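Engineer: sequence and predicted model, in that order:
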There are 2 protein chains.
Amino acid sequence: MNTLISNDSKWILTEEGTDPETIRQNETLFALSNGHFGTRGSLEEVGRTKNYSHSEATLVNAYYDSEPIQYGEWAYGYAKEHQTVIPVPNGKKLTIKLDNERFDLEAGKTTNHKRQLDLKKGILTRTFTWENTKGHRIDVKIERFVSYDYPEILAQKVAVTPHDDDCALEIVTGLDDLKDLGQASEIESNDPRVKTQKGRRFRSEKIKNTQNKMLHIETNNTNLNLIVGEKNQFSSPSADYSTKGNEESWEVKAIKGETVVLERLVAYSNIFDDNSERDGIAQRTSTLLNEASAIGFQELKEKQIKHMEEFWDMSDIEIEGDDELQVGLRFNLFHLYQAAGRDGNRNMSAKGLTGEGYEGHYFWDTEMYMLPFFLYTQPKIAKRLLNYRYTILEEARNRAREMAVDAGALFAWRTINGKEASPYYPAGTAQIHINGDIAHAIHTYVKATGDKRFGMKEGLEILLETARFYAAWGHYDEKRNGAFVLNDVTGPDEYTAIVNNNYYTNLMAKHNFKYAADMVEAVLESEDELGQEVLSRINFKKKELNNWKKAYENMFLPYDEEQQLTMQDDSFFHKEVWDIENTPKENFPLLLNYHPLTIYRYQVNKQADTVLAQFLFSDEFSQEQKARDYEYYESVTTHDSSLSRSIFGIMASDLNQMEKAYNYFMDTALMDISDLQSNTKDGVHAANMGGTWMSMIYGFGGLRLVGDTLHFKPRLPEEWKRITFKVQFRHRVIKVSISKEEADYQLIKGEPLVIKHFDEERYLK
Amino acid sequence: MNTLISNDSKWILTEEGTDPETIRQNETLFALSNGHFGTRGSLEEVGRTKNYSHSEATLVNAYYDSEPIQYGEWAYGYAKEHQTVIPVPNGKKLTIKLDNERFDLEAGKTTNHKRQLDLKKGILTRTFTWENTKGHRIDVKIERFVSYDYPEILAQKVAVTPHDDDCALEIVTGLDDLKDLGQASEIESNDPRVKTQKGRRFRSEKIKNTQNKMLHIETNNTNLNLIVGEKNQFSSPSADYSTKGNEESWEVKAIKGETVVLERLVAYSNIFDDNSERDGIAQRTSTLLNEASAIGFQELKEKQIKHMEEFWDMSDIEIEGDDELQVGLRFNLFHLYQAAGRDGNRNMSAKGLTGEGYEGHYFWDTEMYMLPFFLYTQPKIAKRLLNYRYTILEEARNRAREMAVDAGALFAWRTINGKEASPYYPAGTAQIHINGDIAHAIHTYVKATGDKRFGMKEGLEILLETARFYAAWGHYDEKRNGAFVLNDVTGPDEYTAIVNNNYYTNLMAKHNFKYAADMVEAVLESEDELGQEVLSRINFKKKELNNWKKAYENMFLPYDEEQQLTMQDDSFFHKEVWDIENTPKENFPLLLNYHPLTIYRYQVNKQADTVLAQFLFSDEFSQEQKARDYEYYESVTTHDSSLSRSIFGIMASDLNQMEKAYNYFMDTALMDISDLQSNTKDGVHAANMGGTWMSMIYGFGGLRLVGDTLHFKPRLPEEWKRITFKVQFRHRVIKVSISKEEADYQLIKGEPLVIKHFDEERYLK
């Protein structure tokens, strides 16, 4: 059992001792990243021991290679290539020798081994005492962080204090040997959630004539280039310095009590396509290493702490009444913040940068699960995440054409470069709801931030192209009194595939039509120049506006009058109900234990689907309707997806079922720390972490954006005394403090505004 | 343009001259086989020339190798291994040299090149005159047949007559070089209908110490063994005989006008699993070659002709009024007869043994398209084809368990060894109608032949296990007043996948329930020992009988009351109609040019589906209903499947739309000769050939088996004067002769019986 949370601190995860059972999971939990790159929390001596080595991976966001997807049977329009994020050279690798014996956890004797991830500071610290076979001992402390101020920099400090005089102490660093590079971790698995690509995936070459050690790597097939550089400073001038291949070594005669320190900086440059930029980028990276080295580890660390302070000041959620949960919650926010690409061209993987699961792909998870956190606490990052979609809009247009849809754009279900990378279309391309998800996120972003510029430019163009796609995919079904229908789609629930009129999809499309129509009308009315440019460039025709309005008004939303239940799709209630209760526990998740046709044939949900739709538009439904649907869909849901429980938790709050809300929340909040899905080793469940934030703010805080107004319907579970958080809204910062008795809303920054607390208006100034 | 049919003969296909354009197609058309093995109609000097070599393939029925199927994304229960029939050593390879120049079509000058396939005799003859660069000439005649009397034997006779004295004439034979063996033809194609497996697929070894040249081959992964032997007799004792590696050579000094003859026999043994049987089987095969050689080519040929005479006597269909069609029709019957496995353990591939298309797999094609021909003209072969299903029943039970269905059996959609080999379940495993297809074939076989022994043993067991599967797959849908429904299936029409209540599937399942219930009641009533043994062995429970009766009575059959149309499935009419007329011609077949979701989203059929159901049970529907459904479904059908036109043709006859029936028939009958599907090069369309027979007998002859009585409703198209054919029915042979004015039914053999001609009963004696 992994017990990382202690009562000592509300900010620190602590691993005491070492345990082969939890090493893989903790590599994920202790991963550090900054949106540009990330590195798993592996031990510095990784690869040395049988029991303690697993998968070191340093991942640069969107640094991927491609290979043709092999199909048992091909069909037209299938995704052509895998896109697989690949580990780059490991900058953490370190060898410590005493009397020429190499330290690892299986050599000699290690005591007091402790690792701590300080969430408040963004720093991972490891300390231990090692005694070699001769009985000589050293104390070791290693600090590591991935810099936010210098996003290319991995900073490390190694301090070794001998207990004895006269023995030989040696520290050796170096990026991986060239021969080991580009070898994606070999994971043998049929599990579709695990990356299974293998083999050497890049070429590498040392760059000569630079001051620091610089390596150029280039992927085999995508030809993406990266510079990796290293700069080390050793504290003892008397050290015997040598180099061998990639390695640098410092050897000193140990003096009892006298600490030697190595400060190590490794830089991962930005990705570049054009090989001819290589030497220039290598030079700039080398210069950056010099600059950072001049600043020194201590000051870099202080900057990091300051950056994190600012982050926490805006984004923290405080809970009174549950200290363990407090750490778990912060852990989630910490990882969320770490994972987001910040340059507008890259996004946020389903596993962040903590593992190779899902091949580093971006999914709808970003918009529907992770974005709300950023939207309300870090809106600049939210904008950049949305901007990524704009950068792949042309690929989405191409995809629509491949699907024989002659208008608009269809975003890839899973992708890095914008092209569809899902090899299984029933739970890939068929999930056309991703268009509506992105449209909804854009709409919400513009509403919540007031960023009209984005709304009139990138946002508008995406909204119109996604609406166009839906208009062309669907049709008016005469057999349904001319209702607008969307056939042969898959909703969020991947245990029900290729159905007609998935409720969620239809509702998202309906709103997409509305967003598009409203925006176009706003452009026409305001004669906004940016907006007009978009309309003209994408050849907007006025009849499209009418089409969208008509489709909006006539959208078919399946409903069972007899049972007074919303229907997940046309045929859901015609299927047998899966006997969840009597299904052996080891047969979950169902997807690994039953054929798709077995699963699809039953009323059984992997995750929230109709309930998710009702959460997103909760003001459009009566409480009675939501309660009926909730009760029913909960009874057929396995929560085999990590995207499920948070939504059920939020809707439990909405329905004032606080005990249920609390239980769902606790599973949500501690999912990775408790390894609830049994696959945290492959990376964190970033969407669920976003779900944690949503559970707090949308669930217990009851936040909804209705029209132009923030509504709160706060409800606390029995177990807590108070929660406190901040939200940003149109250049304002509002601090919300909720106890069982009262709710306090405080305007910290910005112009006065009116919010709603349940049905009561409050004026904040 | 390929013009193989001349006015000279109603029995012979003639290729005059040589044409690189048609060489691939004619390799298929001129293929010879006998159910055990087959060999494509390739030129003897195959591989020698650029323009005239394509894909030699000699295929032994069910001699296949396996490799894991690669999936872009795996899911539970997916088919695990490809099963790929692989070419065995080519026994036709031959080199003729004159003055040490090797003959081929691009060397020297070839004149009077002619190949003739004599359908009446089952013999392929090639003749030509070759002049080498020195101006020396030879006449060559090569005869080839695949023996029915000695099913392991390929017999060939090569006769060379020099025009000049004194030049050196040499004939060289030999199985392929060892190094070339086991190399499956390399076909680079994404077309799912083409076999795409590549690479060396068997090990080979010469067997020593046998009198004749014997080769042992063993597949790489399936470890299937085969002995291939060769025995040659050269006519001229003065020939200079030599051997080199695998080759034998005879060289003589040419004497003008003096023909030298090589009689060549190649034997392909039965497949065996147990390697230790190798030497025994090699010895027996060698002895067989000695026996056959002692008989001599001429007598073997006479036996072949006699065998074929008996075949044609029973199975021929004569048409007066269209000689071209007469040959085309016979060509189809010839290939059908050639293709069927005859040992009860092997079946009939979709391409027969004429090509590697569809990897040599067996499909529902056998039962629904090919079996009727055998059932009514060669019932012993029909029984053996059905017996194959019994040999794979245990695999079908396993497959049902893999699909989490705890009772009964689900036959593989495509297979050789009984395991599912379709890598695309929406058009594979989802086609659970194959169970009902097999049940229907068994029912019809037993009814038409009176073979009660098969009915009470193998037949009964299959009927019960298929019914059990349907009972477990389906359920009673309360939302449909408790009707029995089958969800998430695909019907015959592969352009509509994963639907609920496919009409065809439901109707087949309904009848399967009835067949099973009736049989069980017959067993219980008669206390038949064989039947009781089956019930006891498969642990039949009486409540199953009631379940089947209830499911039969309550089977849901979708129908649109408003339009008075049978619905292909629950949602078919909710989809948009595909605009077939305005789809560019080059975009057919749709499956190669549109994503599955594009196709599935429309009302568009690849092939007969509802119309097929109405043909099979045509007495259960009113003519008006059939006419409405026909008109509608015809309008949405592309006939992209070769299984489509024949059914539409038959139903046109049923509806007395004779011009339409004629047009469909002409496309059906000449499909491969005209290369209508543009892929005859990959093998014949055996199912369509069966469809040709059905079109004649079920269509124009109007034959139906209603209850225990044969009904005929003959209708001839304008273009013909008379058709004549025979059918076997319960140990009787009936000769039917139909003209526009009258129909004559003559009992050739067996006990008197009553048949029906339209509504009139006729007593035949």
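Structural biologist: Received the coordinates, thanks.

Engineer: next, the buried residues of stretch A:536-547.
Structural biologist: A:538, A:540, A:544-545, A:547 (16 or more other Cβ atoms under 10 Å in any protein chain shown). Glycine gets a C-beta too; all of them are placed from N, C-alpha and C.

Engineer: could you do stretch A:658-675 as well?
Structural biologist: Across stretch A:658-675, burial judged by 16+ other Cβ under 10 Å covers A:658, A:660-675.

Engineer: also near chain B: which of those residues, exactly?
Structural biologist: Among these, proximity to chain B is found for none (Cβ under 8 Å from any Cβ of the partner chain).

Engineer: could you chop chain A up by domain?
Structural biologist: Domains of chain A are assigned by automatic domain parsing as A:12-286, A:308-354+A:644-765, A:392-575+A:583-641.

Engineer: if you average pLDDT over the second one, what comes out?
Structural biologist: Think domain A:308-354+A:644-765. For domain A:308-354+A:644-765, mean pLDDT rounds to 96.

Engineer: now that domain: how far from the chain's centre is it?
Structural biologist: 16 Å (Cα atoms, centre = their mean, to the nearest Å).

Engineer: nearest to chain B, of the buried residues of stretch A:536-547?
Structural biologist: Of all the buried residues of stretch A:536-547, chain B sits closest to A:Asn547, with 15.5 Å by Cβ to the nearest Cβ.

Engineer: buried sites along stretch A:571-588?
Structural biologist: By 16+ other Cβ under 10 Å, the buried positions in stretch A:571-588 come out as A:571-575, A:578.

Engineer: and if you look at stretch A:62-72?
Structural biologist: Within stretch A:62-72, the residues that qualify as buried are A:62-67, A:69, A:71-72, counting by 16+ other Cβ under 10 Å.

Engineer: same thing with stretch A:469-481?
Structural biologist: By 16+ other Cβ under 10 Å, the buried positions in stretch A:469-481 come out as A:469-475, A:477.

Engineer: and these as TSV, adding pLDDT and secondary structure?
Structural biologist: Formatted as TSV, the buried residues of stretch A:469-481 follow (pLDDT from 0 to 100; DSSP: H, G, I helix; E, B strand; the rest coil):
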residue	pLDDT	secondary structure
A:Phe469	98	helix
A:Tyr470	98	helix
A:Ala471	98	helix
A:Ala472	98	helix
A:Trp473	98	helix
A:Gly474	98	coil
A:His475	98	strand
A:Asp477	97	strand
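
Engineer: let's have those residues in CSV, adding distance to B:Leu507.
Structural biologist: Shown next, in CSV, are the buried residues of stretch A:469-481 (distance: Cβ to Cβ, whole Å):
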residue, distance to B:Leu507
A:Phe469, 38
A:Tyr470, 36
A:Ala471, 37
A:Ala472, 35
A:Trp473, 32
A:Gly474, 31
A:His475, 29
A:Asp477, 26
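
Engineer: near chain B too, which of these?
Structural biologist: Among the buried residues of stretch A:469-481, chain B is touched by A:473, A:475, A:477 when using Cβ under 8 Å from any Cβ.

Engineer: of all the residues in the stretch 1-150 of chain A, which ones are close to chain B?
Structural biologist: A:69-79, A:82.

Engineer: please redo it, this time with the cut-off set to 6 Å
Structural biologist: Residues of the stretch 1-150 of chain A lying near chain B by Cβ under 6 Å from any Cβ of the partner chain: A:69-77.

Engineer: for the buried residues of stretch A:536-547, which one is nearest B:Lys253?
Structural biologist: A:Ile538 (83.6 Å; Cβ to Cβ).

Engineer: now do the phi/psi pair for that closest one.
Structural biologist: phi -90, psi 10 (degrees, to the nearest 10).

Engineer: nearest spatial neighbour of A:Tyr388, skipping sequence neighbours?
Structural biologist: Closest residue to A:Tyr388 apart from its sequence neighbours, by Cβ to Cβ, 6 or more residues apart in numbering or on different chains: A:Asn347 at 4.4 Å.

Engineer: please disregard the earlier target; I meant A:Asp165.
Structural biologist: Nearest one to A:Asp165, counting by Cβ to Cβ, 6+ apart, is A:Lys256 at 4.8 Å.

Engineer: help me confirm that that neighbour comes into contact with A:Cys167.
Structural biologist: No: contact between A:Lys256 and A:Cys167 fails when scored by Cβ atoms under 6 Å: they sit 9.7 Å apart.

Engineer: higher neighbour count, those two?
Structural biologist: Shown here are A:Lys256 and A:Cys167; by other Cβ atoms under 10 Å in any protein chain shown, A:Cys167 has more neighbours (21 against 12).

Engineer: okay, helices next: where are they in the stretch 551-700 of chain A?
Structural biologist: Using DSSP state H, counting those that start in this stretch, the helices of the stretch 551-700 of chain A run over A:596-600, A:610-616, A:623-635, A:645-654, A:658-669, A:686-694.

Engineer: get me the contact residues on chain A for chain B.
Structural biologist: Within chain A, the positions adjacent to chain B are A:69-77, A:190, A:192, A:403-404, A:423-424, A:430, A:475, A:477, A:479, A:487-488, A:498, A:500, A:571, A:573-576, A:593-598, A:600-601 by Cβ under 6 Å from any Cβ.

Engineer: in strands, which of those residues appear?
Structural biologist: Judged by DSSP state E, the subset of these located in strands is A:475, A:477, A:576.

Engineer: quick revisit: B:Phe454: which of the domains of chain A is closest?
Structural biologist: Closest of the domains of chain A to B:Phe454 is domain A:392-575+A:583-641, at 31.6 Å (criterion: Cβ to Cβ).

Engineer: quick one: end-to-end distance for the closest one.
Structural biologist: In domain A:392-575+A:583-641, first residue to last residue: 27 Å (Cα to Cα, to the nearest Å).

Engineer: chain center to that domain: distance?
Structural biologist: Distance, centroid of domain A:392-575+A:583-641 to centroid of chain: 21 Å (Cα atoms, centre = their mean).

Engineer: any idea how far A:Val733 lies from A:Gly135?
Structural biologist: As judged by Cβ to Cβ, to the nearest Å, A:Val733 and A:Gly135 stand 58 Å apart.

Engineer: residue farthest from the centroid of chain A?
Structural biologist: Largest separation from the mean C-alpha position in chain A: A:Asp166, at 49.2 Å (Cα atoms, centre = their mean).

Engineer: helix/strand/coil for that residue?
Structural biologist: At A:Asp166 the chain is in coil, as set by DSSP: H, G, I helix; E, B strand; the rest coil.

Engineer: sorry, back to before: helix/strand/coil for the residue nearest to A:Tyr388?
Structural biologist: coil.

Engineer: in contact with it, which residues?
Structural biologist: By Cβ atoms under 6 Å, 6 or more residues apart in numbering or on different chains, the residues touching A:Asn347 are A:341, A:362, A:366, A:385, A:388.

Engineer: do the same with A:Phe712
Structural biologist: By Cβ under 6 Å, 6+ apart, the neighbours of A:Phe712 are A:702-703, A:757.

Engineer: return the member of the residues you listed nearest to chain B.
Structural biologist: Nearest to chain B among the contacts of A:Phe712, counting by Cβ to the nearest Cβ, is A:Gly702 at 35.9 Å.

Engineer: what about the nearest residue to that closest one once chain neighbours are set aside, neighbour count?
Structural biologist: Distances taken as Cβ to Cβ, 6+ apart put A:Lys713 closest to A:Gly702, at 3.1 Å, once the chain neighbours are dropped. Using other Cβ under 10 Å, A:Lys713 is surrounded by 19 other residues.
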